[in-house]
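*Asks:* only geometry, no sequence info:
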């Protein structure tokens, strides 16, 4: 059973630290439900377009972090077959000449909004990105407070970070190329935290202690928060980057559409543990946020040098 965390409760630090060890927890979502409904309606129209039109929305050189990605491209590190899903990513551009965009151009690709195909989608998705990012910063601040970090610790780390939204369309499983394919093989996220508001159908599962898979569905007005590898490394393993997957239930008909936001720190962030006891050995070697990103993207077949088109 996932815990629900009240971010306004000043006495809930221990409860939040326990939830971080679980790796998944519920939080009341401050993003308007009507905005989420509008985004789903427009994204459903986009994914229903002919494949040729959608393929015209790809963004070369973005490592799949902007625009459209067709099915059977992304492969989880432990996956033997590519995931049965198609994707659309979006974020916001940095000002011209910003040092992060100059130094890490592939982490800050130009957003592509297919307004010529789905009128009005750009304004809605941009507003959703902004609202979700504001919500994620609130969650990160509460996590920092629970961990005893300086009040501005995560705010500085996330300033101008390459935060990206992902819409995922999971087509009906009876259309999959084989019975070996699933919507998304078990994996861990490699950001700080991920926000997952309600999807249009069930399918998300998290692995709990003992290896059991627990079905997770965010109720209306809430979001599931997922601990990523960055937070796990920063806490020396106190927070757990939980293993999760997306699978259709036996006999489940139809597809599934979800929207998530990956909250990445600025690429030049050095992932040094927040605290470590004097005699406690470090669990993880020190990497930059971009080192971790590049390594993981290579392992899941998303660096453009290896990407399947």
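*Replies:* Alright, I've got the coordinates. Values in this document were obtained by computation on a predicted structure and should not be read as measured data. Numbering: from 1, shown residues only.

*Asks:* What lies in contact with stretch 131-143?
*Replies:* 5, 7, 16, 20, 27, 29-32, 35, 151, 154-155, 158, 163, 165, 192-193, 195, 197, 223, 225, 231, 239, 261, 263 (Cβ atoms under 8 Å, 6 or more residues apart in numbering). C-beta here means a position set from N, CA and C on the backbone, and glycine is covered the same way.

*Asks:* for the stretch 51-200 of the chain, what spans make up the strands?
*Replies:* 67-69, 86-90, 164-170, 184-187, 193-197 (DSSP state E, counting those that start in this stretch).

*Asks:* Would you reformat these as JSON lines and include mean pLDDT and mean neighbour count?
*Replies:* Shown next, in JSON lines, are the strands of the stretch 51-200 of the chain (pLDDT from 0 to 100; neighbours: other Cβ atoms under 10 Å):
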{"stretch": "strand 67-69", "mean pLDDT": "96", "mean neighbour count": "24"}
{"stretch": "strand 86-90", "mean pLDDT": "97", "mean neighbour count": "22"}
{"stretch": "strand 164-170", "mean pLDDT": "97", "mean neighbour count": "23"}
{"stretch": "strand 184-187", "mean pLDDT": "92", "mean neighbour count": "20"}
{"stretch": "strand 193-197", "mean pLDDT": "97", "mean neighbour count": "23"}
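
*Asks:* Could you export those as TSV, including distance to residue 177?
*Replies:* Shown next, in TSV, are the strands of the stretch 51-200 of the chain (distance: least, Cβ to Cβ, whole Å):
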stretch	distance to residue 177
strand 67-69	16
strand 86-90	13
strand 164-170	14
strand 184-187	14
strand 193-197	26
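
*Asks:* Of all these, which one is nearest residue 206?
*Replies:* Residue 206 sits nearest to strand 184-187 of all those, at 9.7 Å, using Cβ to Cβ.

*Asks:* List the neighbouring strands of the closest one plus their orientation.
*Replies:* Using DSSP bridges, the strands paired with strand 184-187 in its sheet are strand 244-246 (antiparallel).

*Asks:* Show me what the partner strand is in contact with.
*Replies:* Strand 244-246 is contacted from outside by 24, 85, 168, 170, 182-188, 203-207, 213, 216, 226, 256, 258, using Cβ under 8 Å, 6+ apart.

*Asks:* Filter these down to the buried ones.
*Replies:* Buried members of the contacts of strand 244-246, counted by 16 or more other Cβ atoms under 10 Å: 24, 85, 168, 170, 182-188, 203-207, 216, 226, 256, 258.

*Asks:* can you pull the buried residues of the lowest-mean-pLDDT helix or strand in the chain?
*Replies:* Lowest on mean pLDDT, DSSP states H and E among the helices and strands of the chain sits helix 289-299, with a mean of 84. Buried positions in helix 289-299, judged by neighbour count with 16+ other Cβ under 10 Å: 289, 290, 292, 293, 294, 296, 297.
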